[in-house]
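1. how does the following fold in three dimensions:
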Amino acid sequence: MLDEQRSGRDLRNFVLPELGQLLKTGDPWEPYRVLDGRGRPVAPVALYLKELMARDSSPLTPRSYGMDLLRWFRFLWALGIEWDRATGKTPGTSCCG
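-> From the prediction side, this is the model:
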């Protein structure tokens with residue numbers, strides 16, 4: 001169980017805001033796009049979804065992953081956490097090197 005004293009956040013009454021959206025584009029090479037609260041594409045998600053389509057995925061695969069990533073980004077936005085802090089990686093470094 002999360003130690004609320006250490007976390008510095010009381011999440012008992014936290015409500016996830018419905019920021020951003022998953023947009024169906026109609027483009028077979030980019031069938032879905034995740035947009036932030038201002039209607040701009042979320043760059044890390046866009047890159048990931050394009051890589052999924054390059055692997056010859058079903059158009060429903062980026063939809064499913066896009067919905068999950070939108071939920072994750074809503075959580076980060078609500079708590080004011082930058083993507084590179086959430087991943088624990090330094091920008092510009094690879095995941096495995």
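2. outside of the lengthiest helix in the chain itself, list whatever touches it.
-> Scanning the chain for the longest helix, with DSSP state H as the assignment, gives helix 60-79. Identification of contacts with helix 60-79 by Cβ atoms under 8 Å, 6 or more residues apart in numbering yields 9, 14, 16-22, 24, 30-34, 36-37, 42, 45, 48-49, 52-53, 82-83, 86. Using the backbone N, CA and C atoms, a C-beta is placed for each residue, glycine as well.
3. and what of stretch 41-58?
-> Residues from elsewhere that reach stretch 41-58, judged by Cβ under 8 Å, 6+ apart: 20, 29-36, 59, 61-62, 65-66, 69-70, 73, 83.
4. at 6 Å instead, please
-> Outside stretch 41-58, the residues that touch it by Cβ atoms under 6 Å, 6 or more residues apart in numbering are 33, 34, 36, 61, 62, 69, 73, 83.
5. can you point out the buried residues in that stretch?
-> Within stretch 41-58, the residues that count as buried by 16 or more other Cβ atoms under 10 Å are 42, 45, 46, 49, 52, 53.
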